[in-house]
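[1] Sequence first, predicted coordinates after that:
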Amino acid sequence: MTAESLEKEDRPTAVREPVLQAKGLVKRYGPVTAIASGDLELYPGEILAVIGDNGAGKTSLIKALCGALIPDSGQILLDGREVRFRNPMDARRAGIETVYQSLAVAPGLDIADNLFLGREERKPGILGSVFRMLDRKHMREEAKRHMSELGIATLQNIGQAVESLSGGQRQGVAVARSAAFGSKVVILDEPTAALGVKEGNRVLQLIRDVRDRGLPVILISHNMPHVFEVADRIHIQRLGRRVAVITPESHSMSEAVAIMTGAAEPSPPVA
Amino acid sequence: MSTATGFEQRRSTSPVERVQHVLHANPILGPLAVLVLAILVFAVVSGRFLSAANLGLVLAQVTVIATLALGQTLVILTAGIDLSVGAIAVFSSILMANMATKLGLPGVVSLLVGFVLGTAMGALNGLLVTRLKLPPFIVTLGTLSIFFSLNSVISRSETVRGADMPAIMTWTGETFSLGGFRITYGSILMLLLFAFFFYALGHTAWGKHVYATGDDIEAARLAGIRTDRVLLSVYTVAGLIYAVGAWILIGRLASASPNVGVEYNLDSITAVVLGGTSLFGGRGLVLGTLVGALIVGVFRNGLQLGGVDVVWQGFAIGLLVLVAVAIDQWIRKVRA
């Protein structure tokens, strides 16, 4: 066995460049340390689940990655280049789309409006440049295309207000938005938390679809069965730092929970 | 109905739920129905109601309130409220009138400076709301008091007669004939403002951002909308609309009086609410506000023609407001 193949076998992901990487992020609020040492690697084509107990710092870590929080120190690398996000728009421009737990949809606006919220398209020519007229027809067509690409074609009416949709459908709109505009990474915060079993499963399928279309996904979730069902790797956060990265194959659910809560020492990380 | 991922569409069946849905999808229907009903009732009660002269009068009477209510609509769409609307309008009219008479500035200059000052007053509201993060209710309660006070200082509580002003300043009160109707230029100006903001809210990104900000400000922020800018723009634009309202007010009264306008605050809010715009923000149409203002005008005029004592007009309008808000609450509970 050559040295190269040995390395490949032992560290299957290490030869690839991470799409998104956090190195030693620190965030303190006065005496409270939200992130003691934030490290994370996301590789192309994978679903990376981030789990951790409440207060483990996973939300802060994710917020730093999507620009909603500015870390005190540390580095974020996107495609190997250091990036600094001052706000969520910066992260979005860089290609990182986030679906927040609160969904960040405007309930009174329709599906197409929500898909294009904050990046509306104007009509070409003088109508757009002088009269600032929106190209609603084009946005609706695009919205329809994005929604059906992800198999969310039930929505007969793209002009339907989002508040008239079920929880799963709203989640579908938010995921479709991130998949439509995210060019590098999609981050999903607790996408199945408020959903019933059936709708939760559909959203999981949606997450796989997004990955299979080539976008790596970071999934933050408390739901262990869901995490173990879709994740390629599982990042475990505890007391403001990463304590282990496991896979659904290497560890059982109860082992993962034990590591997460500190009941068990993590075995040497596999990835 | 289910497909690929098959998120199911839940359906409502009962007739009441269907009405709720229709109203939810077409929020203008409720106010329109009330307006049509009111017109029919008053037409039966009084033969004079539908006369061209009377309808022209109703339009002239609602013009000021409708204009102020337009600015109020923008603010309320962002889940705010503007209690300083009457104060800004009246103070602007006093400033315009005094610049033209006491300072002897040309009418056009007085108007333009008045527009700028009204806009600045709106911008002050917006800055206090966005920079100091104070609730709009408190901010505009404070500026209401401040503007009315300055209004008394500058006007010395004196009314400026329209006859002493340059003709352009009372032009908004002049009429032209259209098929037997006497219509004021102020009414046309008001309708043009409504047309403009109908377009701006429905067909530009700014409009979508106004709705999104009022709907859920945190969600709007996370979606990348600079909500502070949206709010500031709304209060500023509202100030400009109130200042145009001041011009219309001078024409309507043929004078600039520091002692009017106290009732404009509540009347403008009434028109907005009757027009189906939700006080919780994010939902409503400027055309609804126009209908709402017309409802107020038609009720006041019709009750008067019907011989109902003036004191009962307020009672009727109050009742209408309560019903309108109750219906709004009910419509918001709609679920697919």
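    Arrived safely.

[2] quick one: the helices in the stretch 1-150 of chain A?
    For the stretch 1-150 of chain A, the helices defined by DSSP state H, counting those that start in this stretch cover A:3-10, A:58-65, A:88-93, A:111-115, A:126-129, A:136-149.

[3] got those as a markdown table, with distance to chain B columns?
    Glycine gets a C-beta too; all of them are placed from N, C-alpha and C. Shown next, in a markdown table, are the helices of the stretch 1-150 of chain A (distance: least, C-beta to the nearest C-beta, whole Å):
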| stretch | distance to chain B |
| --- | --- |
| helix A:3-10 | 36 |
| helix A:58-65 | 11 |
| helix A:88-93 | 5 |
| helix A:111-115 | 6 |
| helix A:126-129 | 9 |
| helix A:136-149 | 7 |
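
[4] Reformat these as CSV; add distance to A:Ile220.
    Shown next, in CSV, are those (distance: least, C-beta to C-beta, whole Å):
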stretch, distance to A:Ile220
helix A:3-10, 28
helix A:58-65, 6
helix A:88-93, 15
helix A:111-115, 22
helix A:126-129, 38
helix A:136-149, 23
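
[5] now these in a markdown table, with distance to B:Val325, mean pLDDT and mean neighbour count?
    Formatted as a markdown table, these follow (distance: least, C-beta to C-beta, whole Å; pLDDT from 0 to 100; neighbours: other C-beta atoms under 10 Å in any protein chain shown):
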| stretch | distance to B:Val325 | mean pLDDT | mean neighbour count |
| --- | --- | --- | --- |
| helix A:3-10 | 68 | 42 | 10 |
| helix A:58-65 | 38 | 89 | 25 |
| helix A:88-93 | 35 | 87 | 19 |
| helix A:111-115 | 26 | 90 | 26 |
| helix A:126-129 | 38 | 86 | 12 |
| helix A:136-149 | 31 | 86 | 17 |
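
[6] wait, which of these is closest to A:Phe181?
    helix A:88-93 (7.1 Å; C-beta to C-beta).

[7] Name the residues that touch that closest one?
    A:65-68, A:83-85, A:98, A:118, A:181, B:221-222, B:224 (C-beta atoms under 8 Å, 6 or more residues apart in numbering or on different chains).

[8] hmm, try it at 7 Å
    With contact meaning C-beta atoms under 7 Å, 6 or more residues apart in numbering or on different chains, helix A:88-93 is reached by A:66-68, A:85, B:222, B:224.

[9] pLDDT, distance to A:Gly128 and neighbour count for the residues you listed - can I get that in CSV?
    Shown next, in CSV, are the contacts of helix A:88-93 (pLDDT from 0 to 100; distance: C-beta to C-beta, whole Å; neighbours: other C-beta atoms under 10 Å in any protein chain shown):
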residue, pLDDT, distance to A:Gly128, neighbour count
A:Cys66, 89, 30, 24
A:Gly67, 88, 28, 23
A:Ala68, 85, 31, 18
A:Phe85, 92, 29, 23
B:Leu222, 84, 26, 22
B:Gly224, 83, 20, 19
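
[10] Show me the two of those that sit farthest apart.
    A:Phe85 and B:Leu222 (13.5 Å).

[11] Next, count neighbours for B:Leu134.
    14 (other C-beta atoms under 10 Å in any protein chain shown).

[12] Quick one: name the residues of the stretch 101-250 of chain B near chain A.
    B:203-205, B:208, B:211-212, B:215-216, B:218-220, B:222-225 (C-beta under 7 Å from any C-beta of the partner chain).

[13] Spatially nearest residue to B:Ala38 (excluding sequence neighbours)?
    Among residues not flanking B:Ala38 along the chain, B:Val298 sits closest, at 5.0 Å (C-beta to C-beta, 6 or more residues apart in numbering or on different chains).

[14] Check chain B and tell me which residue is nearest its centre.
    B:Ala69 (0.7 Å; C-alpha atoms, centre = their mean).

[15] wait, it sits on B:Leu274?
    No: counting by C-beta atoms under 7 Å, B:Ala69 does not reach B:Leu274; the two are 9.4 Å apart.

[16] picking that back up, so which of the residues of the stretch 101-250 of chain B next to chain A comes closest to A:Met224?
    Once C-beta to C-beta is applied, the member of these that ends up nearest A:Met224 is B:Leu222, at 26.8 Å.

[17] Quick check: the closest one touching A:Gln101?
    No: B:Leu222 is beyond contact range of A:Gln101, at 10.3 Å (criterion: C-beta under 7 Å).

[18] Can you pull out the low-pLDDT segments for chain A?
    Residues of chain A meeting the criterion pLDDT under 70: A:1-15, A:152-156, A:267-271.
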